[in-house]
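>>> any chance you can model this:
(chains A and B)
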Amino acid sequence: MIVAALRKKLAYEARKWATTAGVSLPDNLAVNAPPAHVKADLSLPWPLAAAKAAKKNPIELAKSLAEHLSNVAEVESAAAAPPGFVNIVLRNSSLCANLKAITLAPKTYGEDEGGPKTKVLIEFVSANPTGPLHMASGRGATLGDSLIRIMKRLGREAKAEYYVNDGGDRAVLLGESIMARFKGTPVPEKGYQGEYLVELAAAAPAEKSGWDAKRWGQYAMDTLLASHRDDMKAFDVSFDRWYLESELFSSGAVPATLEFLKGRGMVFEKDGAVWLGTMNAEGSTDDKDRVLVKNTGKPTYFLPDIAYHKDKYDRGFDRVIDIFGADHHGYVPRMKAAIAALGKPADSYHAIVHQLIHLFRGQEAVKMSKRAGTFIPLRELIDEAGKDACRFFFALRTPDSHLNFDLELAKKQSSENPVFYVQYVHARIVSIFRKAAEAGLHPAGAELPMPNARWLTSPEERVLLDKLAWFPEVLLDCERLLSPHPLANYLMELAGLFHPFYEKCPVVSAEDPEQGRARLLLIAGVRDAIREGLGLLGVSAPEQM
RNA sequence: GUCCCCUUAGCUCAAUGGAUAGAGCCCCUGCCUUCUAAGCAGGUAAUCCAGGUUCGAUUCCUGGAGGGGACACCA
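Numbering: from 1, shown residues only, chains lettered A, B, ... in the order given. Okay, the predicted model is just below:
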């Protein structure tokens, strides 16, 4: 029985109890991990919540609920604790059964949790193909890709999409900029000034001398887009679709969306331009109206963006998530307004805004790249620190907070480096399994038996059993918070709990071979949780270090 | 001027409104003939300020202080 399923069972029993006790419980019944000083596996604050409405003494309710819950099969004991908690100790056998569920049937996590039967689309990175991908895109990529992996793991239908702004004016300007670099003439004032275009122009094929700006633009955009694809591949991030803005235009979706919005009465004309009445629309979050079609007759970028989001819904996605960098946060209210203007429910759309990355070498802030000038390309970071360190560091923090990325630390092969701290545990366990096979304790790959109840009862073993039971809950936390950081932090904690076990509980040289095999089962659970957890973060789990 | 994010230990960060606020690093003291010392055991140390809501606030609300970012008929 895993915690996700046990939570349901306890909640069900608690509701039965509430009926007979004549109290009402809130809709959301959370199961918490108890604080360190409490010797229990689960903590339920439910009596506290019930006492308020019922005007009853919470500790009395807790005693009554504890008595009721001690009849649940998986529960060893349930005790009331002031001011009104119920603390539950689980049977070792149910925790062992959970362990078997982790090591033998890992595909069942979250399944019995149900969860919303939705089709989720997450759009992320979506950088303009006018320059190399930059390190902030790495944070968005980590967020999006890990969320996709976690949601899939929970049985959701989740797709990843990258929107490519390959539209007209931008391509022309890029073409003019790179052509100027090739010819050594000044780059247009509003053009792309980056030094990378010099390199790119030099690398173009021989016939380039005859190219016009349009041809140059096409070349630059194709090459840069290809580099974005390469960078994402190197970062172990994959997309179900690269959606081109040009596709959107050629499909006629842009004028069709304008007509659709007109039909809904959301559009008005003023000063020769066409506006979306985002400010006063029902459910609007925007502070001013926005232009859809300029007085020149050309659409702004906003209109195709709305058309693109309409298309997401038209393709059957009922949960649409966009990931933006902090510099685009101002874009969120108007996108929400657009979703409302399309007549979609507000809670079907979610924007994740992640904050900036500050790059350091030790104490020293890194402001710019030597190669690319004013910004740090993602590729430079991957090349220097490695994909694993980048992804783990990016996953470790909530998107809301600024992220300090220390290149020196990320490159260190020591315990100071969190990613090595976790990977090391995996390698250690794999090594123990090798030794166990050599010693004849347990042949490689064979199934491990369900341990006898007298094994795995020491504090070091028990705490690991417990921690493993929370793994599915952590994935649900990630989904709820739309961030992989609870998983990354969980892996740090799990790794930290393994080392005391390693010191005190010999496996291969255990007193009793049966005990050794029980411990093998336990560490197989740790190994698999780390391997899978790291996998969900796009980080490798080396067998040897 | 308006808007967004942040402020927790010396440092980097955790904690669906729950109990004695957790980790890792740094520093100090011990530990390698026994499954990887990239490790273990022990020690010191924290919620920016003022109000409010609540049985209960690091968490929610209001105001203030400090730091970061954004505010085009640009993309």
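
>>> so where's the stretch 51-200 of chain A uncertain?
Residues of the stretch 51-200 of chain A meeting the criterion pLDDT under 70: A:102-117, A:168.

>>> how about 90 then?
A:51-60, A:81-84, A:92-118, A:128, A:130-131, A:134-136, A:153-156, A:165-173, A:183-199 (pLDDT under 90).

>>> and the residue nearest to residue A:198 when sequence neighbours are not counted, its phi and psi?
Excluding the flanking residues, the one nearest residue A:198 by CB to CB, 6 or more residues apart in numbering is residue A:181, at 4.9 Å. All C-beta spots, glycine's among them, are computed from the backbone N, C-alpha and C. Taking degrees, to the nearest 10, you get phi -60, psi -40 for the backbone angles of residue A:181.

>>> residue A:181: what's it in contact with?
Shown in contact with residue A:181 (CB atoms under 8 Å, 6 or more residues apart in numbering): A:187, A:197, A:198, A:200, A:201.

>>> run a quick neighbour tally on the second one.
Summarising burial for residue A:197: neighbours were counted as other CB atoms under 10 Å, giving 24.

>>> correct me if wrong: it contacts residue A:220.
Yes: between residue A:197 and residue A:220 there is a contact under CB atoms under 8 Å: 7.1 Å.

>>> quick check: neighbours shared by those two?
residue A:178.

>>> can I get the one helix or strand residue A:322 maps to in CSV, CA atoms only?
For residue A:322, the host element (DSSP states H and E) is strand A:319-325. Only the C-alpha atoms of strand A:319-325 are listed here, as CSV (Å, rounded to 0.1, in the frame of the first residue of the first chain):
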residue,chain,number,x,y,z
ARG,A,319,-5.3,22.3,-19.8
VAL,A,320,-2.9,24.7,-21.4
ILE,A,321,0.3,25.7,-19.6
ASP,A,322,2.8,28.3,-20.8
ILE,A,323,6.2,28.8,-19.3
PHE,A,324,7.7,32.2,-19.5
GLY,A,325,10.9,33.9,-18.3
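
>>> what does that strand contact?
Defining contact as CB under 8 Å, 6+ apart, one finds that strand A:319-325 is touched by A:116, A:118-125, A:136-137, A:139-140, A:143-144, A:147, A:309, A:312-313, A:331-332, A:335, A:339, A:348-354, A:356, A:482.

>>> top helix in chain A by residue count?
helix A:513-536 (DSSP state H).

>>> what packs against that helix?
Contacts defined by 3 or more CB pairs under 8 Å, 6 or more residues apart in numbering; DSSP states H and E place helix A:513-536 against helix A:92-104, helix A:135-153, helix A:418-438, helix A:459-469, helix A:471-481, helix A:485-504.

>>> at 7 Å what do you get?
helix A:92-104, helix A:135-153, helix A:418-438, helix A:459-469, helix A:485-504 (3 or more CB pairs under 7 Å, 6 or more residues apart in numbering; DSSP states H and E).

>>> kindly check the end-to-end length of stretch A:473-492 for me.
16 Å (CA to CA, to the nearest Å).

>>> contact partners of it?
Here stretch A:473-492 makes contact (CB atoms under 7 Å, 6 or more residues apart in numbering) with A:3-4, A:109-110, A:113, A:143, A:146-147, A:150-151, A:153-154, A:321, A:350, A:352, A:392, A:395-399, A:418, A:421-422, A:530, A:533-534, A:536-537.

>>> drop anything exposed from those.
A:3-4, A:109-110, A:113, A:143, A:146-147, A:150-151, A:153-154, A:321, A:350, A:352, A:392, A:395-397, A:399, A:418, A:421-422, A:530, A:533-534, A:536-537 (16 or more other CB atoms under 10 Å).

>>> out of those residues, who's near RNA strand B?
Among the buried ones among the contacts of stretch A:473-492, the residues lying close to RNA strand B (CB under 7 Å from any atom of the strand) are A:396, A:397, A:418, A:421.

>>> out of those, the closest to residue A:262 would be?
residue A:397 (43.5 Å; CB to CB).

>>> pretty sure the closest one sits against residue A:403.
Yes: between residue A:397 and residue A:403 there is a contact at 4.9 Å, judged by CB atoms under 7 Å.

>>> who in the stretch 151-300 of chain A is up against RNA strand B?
Residues of the stretch 151-300 of chain A lying near RNA strand B (CB under 7 Å from any atom of the strand): A:165, A:167, A:169-170, A:270-273, A:287, A:291, A:294-296, A:298, A:300.

>>> alpha carbons only: can I get the helix or strand residue A:51 falls within in CSV?
Mapping residue A:51 onto the secondary structure by DSSP H and E places it in helix A:46-54. Output of helix A:46-54 as CSV, limited to C-alpha atoms (Å, rounded to 0.1, in the frame of the first residue of the first chain):
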residue,chain,number,x,y,z
TRP,A,46,-8.2,16.5,10.6
PRO,A,47,-9.6,16.8,14.1
LEU,A,48,-8.4,20.3,14.4
ALA,A,49,-10.3,21.2,11.2
ALA,A,50,-13.4,19.4,12.4
ALA,A,51,-13.4,20.9,15.9
LYS,A,52,-13.8,24.4,14.6
ALA,A,53,-17.1,23.9,12.9
ALA,A,54,-18.4,21.4,15.5
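
>>> re the thing from before, list the buried ones in the longest helix of chain A?
Buried residues in helix A:513-536, counted by 16+ other CB under 10 Å: A:515-534, A:536.

>>> between helix A:135-153 and it, find me the angle.
Helix A:513-536 runs at 130 degrees relative to helix A:135-153, counting by axes from the mean of the first three to the mean of the last three CA atoms, to 10 degrees.

>>> so what's the gap between helix A:513-536 and the chain middle?
24 Å (CA atoms, centre = their mean, to the nearest Å).

>>> one more: stretch A:60-72?
Distance, centroid of stretch A:60-72 to centroid of chain: 37 Å (CA atoms, centre = their mean).

>>> what residues does stretch A:8-15 touch?
Counting by CB under 7 Å, 6+ apart, A:25, A:29, A:31, A:44, A:46, A:65, A:68, A:69, A:72 sit against stretch A:8-15.

>>> if we can go back for a sec, filter the contacts of strand A:319-325 to the buried ones?
So, by 16+ other CB under 10 Å, the buried ones in those are A:120-125, A:136-137, A:139-140, A:143-144, A:147, A:309, A:312-313, A:331-332, A:335, A:339, A:349-354, A:482.

>>> of those residues, which belong to helices?
A:136-137, A:139-140, A:143-144, A:147, A:309, A:312-313, A:331-332, A:335, A:339.

>>> tally of neighbours for the nearest residue to residue A:177 once chain neighbours are set aside?
Distances taken as CB to CB, 6+ apart place residue A:191 nearest to residue A:177, at 3.7 Å, with adjacent residues excluded. If you count neighbours by other CB under 10 Å, residue A:191 ends up with 20.
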